[in-house]
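>>> heads up, no residue letters with this:
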């Protein structure tokens, strides 16, 4: 349909241009229809490129692996260095790398492929250099339509290296490794920033410095971009002055190709390299090298050959920043110089980052709600040191294999520049109002564009008619001032921000981001947590941990998240505030399987009966149960242990799934009550249920959930005794990114585990004004010292997603 629509547009534009050109000079066509025709034709070509490439990408091998759903043997070629993304429950890192899928073996039948994939693997993959060909046992999970990678590859074993990387790739890896070795012994800022600025390797940048650079608007320094290309190629052209043009262009092209290979095919690098190539071609043909046409040609060619670049935020930001600098930096610099008087020489230093920042602003706020207040000033301050640091670090990279002492000397000189960058970033981030709140997503982008248009109209109103100026005074000025006033109120007055946020969120639930990974549903005094099982988060399959109490709007939460099926329904224990809406959930979406604790109490028997009546397979689990692969998630049970179940389970009840630890499908349930119609009619039975409730809390499930980009420690109602048991059972348990606080934040917490596992975000599911005193003030205070605490009684429904740089985005809390 899209192709037909574009074809119609192209034909209409061609007809319109032909009619408009009648009676004019034969070679002059009207610009409007011609531009529309060119755009439609280019879009048609891009669609054709997508169709042709997608046929190869989604070949029979990928389809067979996805349809099988289980473990297959895959042959892969690694395309990037493994990067830590999350931590597994034993403390070992979980690595992420790009790869090309070359072959898939399903039940002994091998099929060839050539498909881009993303691999999640264990620590044994850390030493694999890019270009290695390996074989491994994996599970394939389909990615969303439109993603560059056709599948997420979850590696369950060690890689079997079939072939080392080719010599040219091995040489590049050696250069990058040599730079990392050469910066050892330098201060932390130099160890991280020198490889980051030179070759885009930001793996050693201290997390605190990354946060400071993000707040100051300086993270682009760690992504090699057009500025690096301009610096390097400019130096080559200067150094070859006086030689024939063909030689200068040839040397520049070789250096440019080497830079792209050394840094890697990041979107900004590819864009900058293509633009430089077009510019050099124009120079070679003897034509004026115009930056805007070069940028347009580079962008068009790149999107035509690799349409998935159009979905890359880095590519969009790179193109926008370049366009802003080319179009606006000179006139804005001249306007500033005219007003700065004796300080006019600093105008260009301010105009360039201002133009780039304004051009990128709509995309930046869409990716991450918030504005870096001092970004322009910070970029102007570091601009003088970036070229020398870049050149010195690149020279050190090249000479380190043959002259390590010379390389060390170059890096020692360059570290003064990284010291200055660190100083500017940390001080800018520490200033008051360093980051202004701003809506994220599409709404934030629309608001930014609208506000920018209003400011532009106010600035340019001198060229408008009197009537237009009158309308502008009535509408534009008050609107701009109103938005700015709201920003000031929400930024300057924290108490007001919280009050306004609670009022707004109490009346209108926050929109769920398209890439949500966690949804803490607002179910009152109860708990219901959704975890997206999709590779990139968002709608589709999910895992639901508990359902909330009877009457809770958990179905609304499922609909808000776009959940079409549950890869698993986890019921941590049988308390009514955790399983009350089980029937509604079973009626709302298909459930592939359910996970329940192995300890038996009378209420859990009825829960299992309801699940079996709905034909939902039930797995009785404890800490010995193997980790479950659920879509893109890996779910492990940390508690209870089989020993704890044996010690605390009611003697008259027995165990679900039999007496052996390790879990398994429920075949025979010990006890006298089965099915959904069972009742407990005596006072003695009621007393037994009350005792079972206390036991159920201590034996409720605690889960470690690994998603591709974050980790979650989700508790049921485990108290201090159970939490101390978790500490003993898992002494190397790492700090999760997100903690779902046990028992609604009650005071019954183990201080050691709470302090060790408080996440960057701690979620508390609790009802407003509950008579239990949940959450306890001291628990909230302790969690707040480590990260953000988000409560459903104050925020309503809460979503958590992760950006590509690892930062967590919490939507729903002021």
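Received, thanks. Since the structure is predicted, the reported quantities are computational estimates derived from the model, not experimental observations.

>>> make it CA atoms for all contacts and neighbour counts henceforth
Will do.

>>> okay, buried residues for stretch 596-614 please.
596-612 (16 or more other C-alpha atoms under 10 Å).

>>> what separates whichever strand or helix holds residue 722 from the chain centre, distance-wise?
Secondary structure assignment for residue 722, by DSSP states H and E: helix 720-729. Relative to its chain's centre, helix 720-729 lies at 32 Å (C-alpha atoms, centre = their mean, to the nearest Å).

>>> and after it, which helix or strand comes next?
Scanning forward in sequence from helix 720-729 by DSSP H and E, the next helix or strand is strand 738-740.

>>> who touches that following strand?
Contact with strand 738-740 is made by 710-715, 757-764, as judged by C-alpha atoms under 8 Å, 6 or more residues apart in numbering.

>>> if we use 10 Å, what do you get?
Applying C-alpha atoms under 10 Å, 6 or more residues apart in numbering, the contact partners of strand 738-740 are 518, 520, 527, 529, 702-705, 710-716, 754, 757-765, 783, 787-790, 800, 808.

>>> now a ChimeraX select for only the buried ones of the residues you listed.
Of the contacts of strand 738-740, the buried ones can be selected in ChimeraX as follows, counting by 16+ other C-alpha under 10 Å:
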select :518,520,527,529,702,703,704,705,710,711,712,713,714,715,716,754,757,758,759,760,761,762,763,764,765,783,788,789,790,800,808
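
>>> does residue 401 touch residue 172 like I think?
No. With contacts counted by C-alpha atoms under 10 Å, residue 401 stays clear of residue 172, the gap being 11.5 Å.

>>> element containing the nearest residue to residue 183 once chain neighbours are set aside?
Nearest non-adjacent residue to residue 183, counting by C-alpha to C-alpha, 6 or more residues apart in numbering: residue 191, 5.2 Å away. According to DSSP H and E, residue 191 maps onto helix 188-199.

>>> and that helix, what does it pack onto?
helix 167-182, helix 207-216, helix 226-239, helix 245-263, helix 386-399, helix 404-430 (3 or more C-alpha pairs under 10 Å, 6 or more residues apart in numbering; DSSP states H and E).

>>> recalculate using a threshold of 7 Å.
With contacts taken as 3 or more C-alpha pairs under 7 Å, 6 or more residues apart in numbering; DSSP states H and E, helix 188-199 sits against helix 386-399, helix 404-430.

>>> the shortest one to helix 226-239, inter-axis angle?
The reference is to helix 386-399. Between helix 386-399 and helix 226-239, the angle comes out at 70 degrees (axes from the mean of the first three to the mean of the last three C-alpha atoms, to 10 degrees).

>>> ok, and what's touching helix 386-399?
Here helix 386-399 makes contact (C-alpha atoms under 7 Å, 6 or more residues apart in numbering) with 175, 178, 179, 194, 197, 198, 231, 407, 410, 411, 414, 417.

>>> pLDDT check: weakest of those residues?
Within the set of the contacts of helix 386-399, pLDDT is lowest for residue 231 (78).

>>> list the contacts of that residue.
Applying C-alpha under 7 Å, 6+ apart, the residues near residue 231 are residue 387.

>>> before we move on, the earlier item: next one: the helix holding residue 191 to chain centre, how far?
Taking C-alpha atoms, centre = their mean, one finds helix 188-199 lying 23 Å from the centre of the chain it belongs to.

>>> just the angle for it relative to helix 167-182, thanks.
Using the same axes, to 10 degrees, one finds that helix 188-199 and helix 167-182 are set 160 degrees apart in direction.

>>> how much does helix 188-199 deviate in direction from helix 207-216?
Using the same axes, to 10 degrees: helix 188-199 against helix 207-216 is 60 degrees.

>>> buried set for helix 188-199?
For helix 188-199, a neighbour-count test (16+ other C-alpha under 10 Å) marks 188, 189, 190, 191, 192, 193, 194, 195, 196, 197, 198, 199 as buried.

>>> ok so, going back, tell me which of residue 401 and residue 172 has more neighbours.
Neighbours were counted for residue 401 and for residue 172 using other C-alpha atoms under 10 Å; residue 172 has more, 18 against 15.

>>> so what's the nearest residue to the more buried one once chain neighbours are set aside scoring on pLDDT?
Nearest non-adjacent residue to residue 172, counting by C-alpha to C-alpha, 6+ apart: residue 262, 5.8 Å away. With respect to pLDDT, residue 262 scores 85.

>>> next: the one 10 residues further on.
Looking at residue 272, its pLDDT is 67.

>>> so who does the residue nearest to residue 183 touch?
If you count contacts by C-alpha under 7 Å, 6+ apart, residue 191 has them with 183, 184, 204.

>>> now rank the residues you listed by neighbours and give me the top one.
Result: residue 183 is most packed of the contacts of residue 191 (other C-alpha under 10 Å), 23 neighbours.

>>> so after the helix or strand of the chain with the lowest mean pLDDT, what's the next helix or strand?
Using mean pLDDT, DSSP states H and E, the weakest-scoring helix or strand in the chain turns out to be helix 494-507, at a mean of 43. Heading C-terminal from helix 494-507, the first helix or strand you meet, by DSSP H and E, is strand 518-520.

>>> by contact count, what packs against the helix or strand following that following strand?
Downstream of strand 518-520, the next assigned helix or strand under DSSP H and E is strand 529-532. On a contact count with 3+ C-alpha pairs under 7 Å, 6+ apart, strand 529-532 meets strand 518-520, strand 540-545.

>>> for the stretch 1-150 of the chain, what spans make up the helices?
Secondary structure of the stretch 1-150 of the chain (DSSP state H, counting those that start in this stretch): helices at 2-20, 31-57, 60-68.
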